[in-house]
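Novice: For reference, the sequence and a predicted model appear below.
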Amino acid sequence: MQPFRYIRAQNVEHAATLLQQQDGRARILAGGTDLIVALRERRIAAELLIDIKGVPEVDELTYDAHDGLRLGAAVPCHRIYRHADVLRHYPGIVDAASLIGGVQIQGRASLGGNLCNASPAADSIPALIVHSAICDIALPQTRRRVPVEEFCVAPGKTVLARGEFLASLHLPPPPPGFGAAYLRFIPRNEMDIAVVGVGASVQLDADRRHIVAARIALGAVAPTPLFVPEAGAALLGAAPDDAVFARAAELAQAAARPITDMRGTAEFRRHLVGVLTRRALAKAVERASK
Amino acid sequence: MKSKVIVATTINGDDVEFLCEPRQSLLEVLRDVLGLTGAKEGCNNGNCGACNVLLDGVLVNSCLVLGVEAEGRTIETVEGLAAGGELHPLQQKFLEHAALQCGICTPGFLLAAKALLDHNPDPTEGEVRHWLAGNLCRCTGYDKIVRAVLDAADAG
C-alpha cells in the first residue's frame, strides 16, 4: 500500500474541514472493507485517511417513535441487525445487513460505506430505498439532505461533491401496517454478490386488507440501484394478492435495464426481477400483517 | 516515508504498545512487528478469514483493519486461546475431530467459532455453517470443522 497519513476525526465539522482542505487527496474511512482493499490494490490513491468512526453522529444508532431511526454512516452491520428497534421496525434493513459478506465483514462494514461504494449490486441500497431513507451529507458549514434513491448516479459514483461526505442516514418511523423485505438471488448459499436484488415495502390499511402505500427498488439491473415508483403505485388500493403482485412485478421487469455479465444474462436477470418482486412483496405483506 | 505512530492496545490480556505506519494492516503489525504469527495472511482482501481476530470482542478480518485503528482497543488472537497450558475447548475438539490438515485456516476458524459460541452457545448445524461461511478451508471439506464446533458447544 502507498503511504498515507491517518487522522481520527473528532466531529463532523472536523472531518468535513479536513476533507475540504485536502481537496480530493483524502478519503473517508469507515469500516474499511472496501476502502482498504481498493488502496492495497491501488485502484484508488489517498494521502490522508480520515477515520470517522469516533464521530458521535456517524456512530449513532438510535430509534425514536416520532423521529424514526438515526443510522450513523459508519455503524457496522452487526450492530444494526442486533438492535431491538431495528429488528422490530426495519425488517428490510435487517435482511440486507445480514447478507453483506460474512460475519467478519459485518463486524466492520457499514451501510453508509455500502452506499458510498455505489455498486449497482449493493444489497443495502434497495432496502434503504424501500424504507425511505434520507442521506445527511456534511460540508464544513452546512448540510444537505438527499433521498437515498437519488444518491447513486453511476457505478461507483454518487452525488457527493468534492469535500462532502455522508454523515448519517435518517429512516422515518414505519407507519402502522408497514412491512418490508429485501431478497436477492445468488448461485451460492451465502458470501456472494447479488445477481439481482429486490426490496419491497408496503403499508396496509387499518383492517390489513388493502395496500395504501408501496415502494419497490431493484439492485444489479441498472447502472445504479433503481427505485420503481410505478410498480409501487400499481398496488395502491388493491388487496394484497398474487394477481396484483404479478402486475407490480411486470412493471418492475419493464423498468429493469439489466446487462449480461459473468453473473447472469440480461434475460435471466429480468426473469429474476419478476420472481423476486413477487416474493419480496409477499414477504413484506406477511410482515405488515403481523 | 510518512512517520510511524505509537499505538497502545491490549492484546490477549497484555498491554501492548507498538509503532506502525498508518498503511500497515493490523495483520501486518501482529505478524511482522509483534511476532504473533498465529493470524495468517490468506487472501489479504477480506474473503478467506485466515487472519480473523476479535477486536473488542467482534470478529474482524485483521487484513482489513489498520494497525492505527487498534488504538485503545482490545485484541484477541489465537495465541490467547489456550490458558495455563490447557488448550481452549475448541482447540481440543479441532484436534479430536481432525478438523485441520494444513492448518493455515485453523486460527481464523478457531476465532470465528469462538465468536459464534460467545454469541450463541448452542447453535444448530445450519447456524454453524452459515456463521463460518466467511472462512475458507481447502483441505477438510468443512464437515470435520462443523462437527468439532458442534461438539465444543455440546461440551460447553
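Specialist: Done, it's in.

Novice: Can you give me the domain boundaries for chain B?
Specialist: Following automatic domain parsing, one gets these domains for chain B: B:5-80, B:89-155.

Novice: Does chain A have contacts with the longest one?
Specialist: Translated: domain B:5-80. Yes. If you take C-beta under 8 Å from any C-beta of the partner chain as the test, domain B:5-80 does meet chain A, through B:5, B:21-23, B:25, B:44-46, B:49, B:52, B:55, B:58-61, B:63-66, B:68-69, B:71. From N, CA and C alone the C-beta is placed, and that goes for glycine too.

Novice: Now list the buried members of the residues you listed.
Specialist: B:5, B:21-23, B:25, B:44, B:46, B:49, B:52, B:55, B:58-61, B:63-66, B:68-69, B:71 (16 or more other C-beta atoms under 10 Å in any protein chain shown).

Novice: The domains of chain B into a markdown table, with extra columns for distance to A:Gln20?
Specialist: As requested, these are exported to a markdown table (distance: least, C-beta to C-beta, whole Å):
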| stretch | distance to A:Gln20 |
| --- | --- |
| domain B:5-80 | 21 |
| domain B:89-155 | 37 |
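
Novice: would you turn those into a markdown table with mean pLDDT?
Specialist: Listed next are those as a markdown table, based on pLDDT from 0 to 100:
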| stretch | mean pLDDT |
| --- | --- |
| domain B:5-80 | 98 |
| domain B:89-155 | 97 |
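
Novice: List just the one of those that sits closest to A:Ala233.
Specialist: domain B:89-155 (36.9 Å; C-beta to C-beta).

Novice: Can you check the distance spanned by the closest one, start to finish?
Specialist: With C-alpha to C-alpha, to the nearest Å as the measure, domain B:89-155 spans 8 Å from end to end.

Novice: gap between it and the chain center?
Specialist: What separates the centre of domain B:89-155 from the centre of its chain is 12 Å, taken as C-alpha atoms, centre = their mean, to the nearest Å.

Novice: swap in stretch A:41-54?
Specialist: Its chain's C-alpha centre and that of stretch A:41-54 lie 22 Å apart, by C-alpha atoms, centre = their mean.

Novice: Give me the buried stretch members for it, please.
Specialist: A:46, A:48-53.

Novice: so does stretch A:108-118 get close to chain B?
Specialist: Yes. Stretch A:108-118 reaches chain B (C-beta under 8 Å from any C-beta) through A:Arg108.

Novice: what number of residues lie near residue 90?
Specialist: In the absence of a named chain, this looks at chain A. When counting by other C-beta atoms under 10 Å in any protein chain shown, one arrives at 29 neighbours for A:Tyr90.

Novice: my bad, the chain I had in mind was chain B
Specialist: Neighbours of B:Leu90 (other C-beta under 10 Å): 25.

Novice: so who does it touch?
Specialist: B:Leu90 makes contacts with B:81, B:110, B:113-114, B:117, B:148-149, B:152, as judged by C-beta atoms under 8 Å, 6 or more residues apart in numbering or on different chains.

Novice: Verify the stated contact: A:Gly113 with A:Val37.
Specialist: No. If you go by C-beta atoms under 8 Å, A:Gly113 and A:Val37 don't touch, sitting 11.7 Å apart.

Novice: Which one's more surrounded, these two?
Specialist: A:Gly113 (26 against 19).

Novice: Got phi/psi on residue 124?
Specialist: Using chain A. Reported as degrees, to the nearest 10, the phi and psi values for A:Ser124 are phi -80, psi -20.

Novice: so what pLDDT did it get?
Specialist: A:Ser124 is assigned a predicted lDDT (pLDDT) of 98.

Novice: Touching, it and A:Ser98? I think so.
Specialist: No. With contact defined as C-beta under 8 Å, A:Ser124 does not reach A:Ser98; the gap is 10.6 Å.

Novice: nearest residue to the residue of chain B found nearest chain A other than its sequence neighbours?
Specialist: The nearest approach of chain B to chain A comes at B:Gly134, 2.0 Å away (C-beta to the nearest C-beta). Excluding the flanking residues, the one nearest B:Gly134 by C-beta to C-beta, 6 or more residues apart in numbering or on different chains is A:Gly102, at 2.0 Å.

Novice: OK, contacts around the one you found?
Specialist: A:190-191, B:49, B:133-135.

Novice: Quick check: A:Pro174 is in a helix.
Specialist: No. Residue state for A:Pro174 (DSSP: H, G, I helix; E, B strand; the rest coil) corresponds to coil; a helix is not indicated.

Novice: Excluding sequence neighbours, find me the nearest residue to it.
Specialist: A:His89 is the one closest to A:Pro174 (C-beta to C-beta, 6+ apart), at 5.0 Å.
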